[in-house]
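Engineer: Model the following, please.
(one chain, ligands or ions: 1)
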Amino acid sequence: MKWVEIVYLCIDTDVLIFLALHEPPYEEIILQQLELLLEASKLELVVPYNILDEWNRNKELKVIDYLKTTISKKVNSIKDIKKYLSLEDYSQLENILSKYFNTMDTVIADATQRIERIDKILTSSKSNIVNINNEILSQSAELALQNKKPFQKNKNSIGDAVNFISCLTFARNNNQTVYFVTNNKHDFSDTDQRLLHSDLSGLLNNEELIYSINLVETLNKIDTDLFNKQLEDLINDFNTRPSLVYHDNSDIECGVCAKHLDYRKNGTYLPDPGGMRWIISCPMCNTRYETEELHPAY
Ligand SMILES: [Zn+2]
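Structural biologist: Below you'll find the model as predicted:
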């Protein structure tokens, strides 16, 4: 047994986007924890070249442009009500909007800073870039030909497949275990979303790859001594988050106050990294519930 056990971690592009996009405190704490573990040489990243490429192609579009679009959509819908207001109310609204714009400048600046921190992490000496080679490409193509995960329906999933196979290749070549963390449950997970789909787990020999859909929990596993107390609270919060009790779509129950809710009447589309997500909100206790449903336009 070695004194210092370095853990190898691969973070999928969608999780990186999430880290950059979301507002503090949560993502801020997670990013800090990553930096801390890398600094303490407890952790190294495995970065398939394709993830680096996806990150570079999408960070501006899916983080900065996304935030700007969401903000201007909100402002435009507020501006619509101006014509119904008195001159006095109108000028008050203008005041509020200008304050809102100032706050939003800070939100963009913070997100830009998080992008730069992630850039730094991905290109540091603690990041092992896995270049795409013919072997990785042919194994990925094989999954496509056999119609296995992450390929599904008509979606082009070659990038997802290459990322997964790149991690597996790194693990085998270096005789290491790699934690593979993704938000992309639809392409990678089994019916129990915490588990890797059997199409893919069948490719593994031992524990070459540990699958995870929760970066916070994975970071907790890596080093409990260095583990941030705030992050622990975050996990507890996540694990004890209430969930809806479904009878059918027009008869669901709030997990907190047991009020009967209607899937349509008590929900609305709200901004989400994937686009707009259907969020159900309990009018009795204000608890919010995320659903799997994205706006059809996305
Ligand atoms: Zn409730």
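Engineer: This protein: helices as residue ranges?
Structural biologist: Ranges of helices in the chain, per DSSP state H, are 13-21, 26-39, 49-59, 66-79, 87-122, 134-145, 158-174, 185-188, 198-201, 215-222, 229-239.
Engineer: Output the ones you listed in a markdown table; the columns should cover mean neighbour count, distance to residue 268 and mean pLDDT.
Structural biologist: All C-beta spots, glycine's among them, are computed from the backbone N, C-alpha and C. Converted to a markdown table, the helices of the chain look like this (neighbours: other Cβ atoms under 10 Å; distance: least, Cβ to Cβ, whole Å; pLDDT from 0 to 100):
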| stretch | mean neighbour count | distance to residue 268 | mean pLDDT |
| --- | --- | --- | --- |
| helix 13-21 | 23 | 20 | 90 |
| helix 26-39 | 18 | 22 | 86 |
| helix 49-59 | 18 | 27 | 95 |
| helix 66-79 | 14 | 13 | 80 |
| helix 87-122 | 13 | 20 | 89 |
| helix 134-145 | 15 | 38 | 90 |
| helix 158-174 | 22 | 30 | 94 |
| helix 185-188 | 18 | 23 | 83 |
| helix 198-201 | 16 | 35 | 89 |
| helix 215-222 | 19 | 27 | 83 |
| helix 229-239 | 13 | 23 | 67 |
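Engineer: Of all those helices, which one comes closest to the ion?
Structural biologist: helix 229-239 (17.3 Å; Cβ to the ion).
Engineer: re earlier: adding distance to residue 288, write the helices of the chain out as TSV.
Structural biologist: Converted to TSV, the helices of the chain look like this (distance: least, Cβ to Cβ, whole Å):
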stretch	distance to residue 288
helix 13-21	18
helix 26-39	15
helix 49-59	27
helix 66-79	17
helix 87-122	20
helix 134-145	37
helix 158-174	29
helix 185-188	20
helix 198-201	32
helix 215-222	19
helix 229-239	13
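Engineer: any chance of those helices in JSON lines, plus distance to the ion?
Structural biologist: Below are the helices of the chain laid out as JSON lines (distance: least, Cβ to the ion, whole Å):
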{"stretch": "helix 13-21", "distance to the ion": "27"}
{"stretch": "helix 26-39", "distance to the ion": "23"}
{"stretch": "helix 49-59", "distance to the ion": "36"}
{"stretch": "helix 66-79", "distance to the ion": "26"}
{"stretch": "helix 87-122", "distance to the ion": "29"}
{"stretch": "helix 134-145", "distance to the ion": "43"}
{"stretch": "helix 158-174", "distance to the ion": "37"}
{"stretch": "helix 185-188", "distance to the ion": "26"}
{"stretch": "helix 198-201", "distance to the ion": "37"}
{"stretch": "helix 215-222", "distance to the ion": "25"}
{"stretch": "helix 229-239", "distance to the ion": "17"}
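Engineer: okay, now residue 257: neighbour count?
Structural biologist: 13 (other Cβ atoms under 10 Å).
Engineer: Can you give me every residue that contacts it?
Structural biologist: 282, 284, 285, 287 (Cβ atoms under 8 Å, 6 or more residues apart in numbering).
Engineer: domain assignment for this structure?
Structural biologist: Following automatic domain parsing, one gets these domains for the chain: 7-236, 242-294.
Engineer: Report the closest residue of the stretch 101-250 of the chain relative to the ion.
Structural biologist: In the stretch 101-250 of the chain, the residue that lies nearest the ion is residue 242 (8.3 Å; Cβ to the ion).
Engineer: That residue against residue 256, yeah?
Structural biologist: Yes - taking contacts as Cβ atoms under 8 Å, residue 242 lies within contact range of residue 256: 4.8 Å.
Engineer: Give the intersection of the neighbour lists for these two.
Structural biologist: Applying Cβ under 8 Å, 6+ apart, one finds that residue 242 and residue 256 are jointly contacted by residue 287.
Engineer: Okay, the closest residue to residue 82 other than its chain neighbours and residue 100: tell me how far apart.
Structural biologist: What sits nearest to residue 82 in space, not counting adjacent residues and going by Cβ to Cβ, 6 or more residues apart in numbering, is residue 90, at 5.8 Å. Separation of residue 90 from residue 100 (Cβ to Cβ, to the nearest Å): 15 Å.
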